[in-house]
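Colleague: turn this into a model:
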Amino acid sequence: MKISNETKVGALTAVGITLLVLGFNFLKGKPISGKSNTLYAVFTDVQGLTNSNPVMVNGKQVGTVSATTFSPDMKQVIVSVNMNGNYAIPGNSVAVISPSLLGTISLDIKLGTTGAALKNGDTISTQATAGIIDGALKKIDPVLYEVKNAVKALDSVLITVNGVVDPAAKNNIRATLENLNKTTAGLAVSSASLQTLLNTQSGALAKTLNNVSDFTGNLAANNQKMNGILDNVEKTTANFSRLDLEKTLTILNGTIGELKGMLTSISSNEGTLGLLMKDARLYNNLAATANKVNLLIDDLRLHPKRYVNVSVFGKKDKTGPLLTPLPDTVNAPYKQ
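Modeller: Next comes the predicted model:
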């Protein structure tokens, strides 16, 4: 089968367009295979980081920068990173921008130690780095680098001092000094009042000490009365100690023991009270006796001639005796 020139040109054109699109996406930092994870990093200064800059882990490229966009307030730059594979990046890893003197800028990821890996769409932590000149200066002359940092710190201190000693601050300092003068004047007045208080002739402290002296004098004058009161208290306690409490407690314990034995005998099956409380035969006998009395009363009421015959010509009652009491009582039915 012969392929026409038009077909060959069309196929080459399609291949060229495909290669062009793939190369353009590769230069933009997008992966060719299509399998990638996207991570985000937020910086205040990207130091010239652009699309397609490499993303490195331990010196090996694992992805590329796909986009750099401003936050809504334009104070931060959001960097989108396409990872070339499904790499397990720990959650506490840190992204750092690493510029070089040759102009190559890369995004380095310093791996963390936690086991929870970042997922697609997560944001990785970032760390600010010094510029190219600061890094080179730190490597060439560490002392000069530290001096530069000290100068920056001194400059910040001077700016702070200038801010403190502005006109408003000067007025505040002047007001503070005036308040300090007033405070010292108040201290002088307080010291004079304290001196008056401590005066041995008319001071309040001297009067208080005189009152204390009078009180102690009264105690000394009434010392004999206090001794009498203490003697009475001692006699009272001696009388309490002479009471025969032990004998009383012994008698009380014996009485409690006898009462306990009596209750034990009553609750047992021995003795008259115990049998009355525990034995059911007395109740049964009383019930049977009451039943027989009821039977006798009913028989006497129905057949009085059987027991009393007052008629001279009367007929003798020959009916048989009652064997069961009549149920004529509502509130106390008879027991068979």
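
Colleague: all helices of the stretch 201-336 of the chain, in order?
Modeller: With DSSP state H, counting those that start in this stretch, the ranges of helices along the stretch 201-336 of the chain come out as 204-221, 223-242, 245-267, 272-278, 281-302.

Colleague: adding mean neighbour count, write those helices out as TSV.
Modeller: Where C-beta positions appear, they are placed from N, C-alpha and C, glycine not excepted. Supplementary listing: these in TSV, determined by neighbours: other Cβ atoms under 10 Å:
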stretch	mean neighbour count
helix 204-221	10
helix 223-242	9
helix 245-267	10
helix 272-278	12
helix 281-302	13
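
Colleague: now these as JSON lines including distance to residue 181 and mean pLDDT?
Modeller: Below are those laid out as JSON lines (distance: least, Cβ to Cβ, whole Å; pLDDT from 0 to 100):
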{"stretch": "helix 204-221", "distance to residue 181": "30", "mean pLDDT": "80"}
{"stretch": "helix 223-242", "distance to residue 181": "57", "mean pLDDT": "81"}
{"stretch": "helix 245-267", "distance to residue 181": "78", "mean pLDDT": "84"}
{"stretch": "helix 272-278", "distance to residue 181": "101", "mean pLDDT": "70"}
{"stretch": "helix 281-302", "distance to residue 181": "108", "mean pLDDT": "81"}
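
Colleague: redo those helices as CSV? Include distance to residue 46.
Modeller: Listed next are the helices of the stretch 201-336 of the chain as CSV, based on distance: least, Cβ to Cβ, whole Å:
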stretch, distance to residue 46
helix 204-221, 77
helix 223-242, 94
helix 245-267, 97
helix 272-278, 103
helix 281-302, 108
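
Colleague: minimum distance to residue 193: which of these has it?
Modeller: For the helices of the stretch 201-336 of the chain, the distance to residue 193 is smallest for helix 204-221, at 10.4 Å, taking Cβ to Cβ.

Colleague: now that closest one against helix 223-242, angle please.
Modeller: Angle of helix 204-221 versus helix 223-242, following axes from the mean of the first three to the mean of the last three Cα atoms, to 10 degrees, is 60 degrees.

Colleague: packing partners for helix 204-221?
Modeller: Applying 3 or more Cβ pairs under 8 Å, 6 or more residues apart in numbering; DSSP states H and E, one finds that helix 204-221 makes contact with no other helix or strand.

Colleague: hmm, try it at 10 Å
Modeller: Contacts defined by 3 or more Cβ pairs under 10 Å, 6 or more residues apart in numbering; DSSP states H and E place helix 204-221 against helix 167-197.

Colleague: the helix it packs on vs helix 204-221, what angle?
Modeller: Following the same axes, to 10 degrees, one obtains 40 degrees for the angle between helix 167-197 and helix 204-221.

Colleague: what's the mean pLDDT across helix 167-197?
Modeller: Averaging pLDDT along helix 167-197 yields 78.

Colleague: quick revisit: nearest to residue 39, of the helices of the stretch 201-336 of the chain?
Modeller: helix 204-221 (79.1 Å).

Colleague: show me this protein divided up by domain.
Modeller: Taking automatic domain parsing as the domain assignment, the ranges for the chain are 24-129, 280-336.

Colleague: give me whichever of those domains is most buried.
Modeller: Each of the domains of the chain was assessed for mean neighbour count using mean count of other Cβ atoms under 10 Å. The highest is domain 24-129, with a mean of 15.

Colleague: quick one on the thing from earlier: just tell me which of the domains of the chain ends up closest to residue 194.
Modeller: From the domains of the chain, taking Cβ to Cβ, the stretch that ends up closest is domain 24-129, at 60.3 Å.

Colleague: OK, contacts around residue 284?
Modeller: Residue 284 makes no contacts at all, as judged by Cβ atoms under 10 Å, 6 or more residues apart in numbering.

Colleague: from residue 290, how far out is it?
Modeller: Residue 284 is 11 Å from residue 290, where distance means Cβ to Cβ, to the nearest Å.

Colleague: quick one, what contacts residue 9?
Modeller: For residue 9, no residue meets the contact criterion (Cβ under 10 Å, 6+ apart).

Colleague: following element in sequence after the helix or strand hosting it, please.
Modeller: Following DSSP states H and E, the helix or strand that holds residue 9 is helix 5-27. Using DSSP H and E, the helix or strand that follows helix 5-27 towards the C-terminus is strand 37-43.

Colleague: can you show me the CA trace of that next one as CSV?
Modeller: C-alpha atoms of strand 37-43 as CSV (Å, rounded to 0.1, in the frame of the first residue of the first chain):
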residue,chain,number,x,y,z
ASN,A,37,1.0,15.6,42.9
THR,A,38,0.6,19.3,43.4
LEU,A,39,2.0,21.0,46.6
TYR,A,40,1.8,24.7,47.5
ALA,A,41,4.4,26.9,49.3
VAL,A,42,3.8,30.4,50.5
PHE,A,43,6.7,32.9,50.5
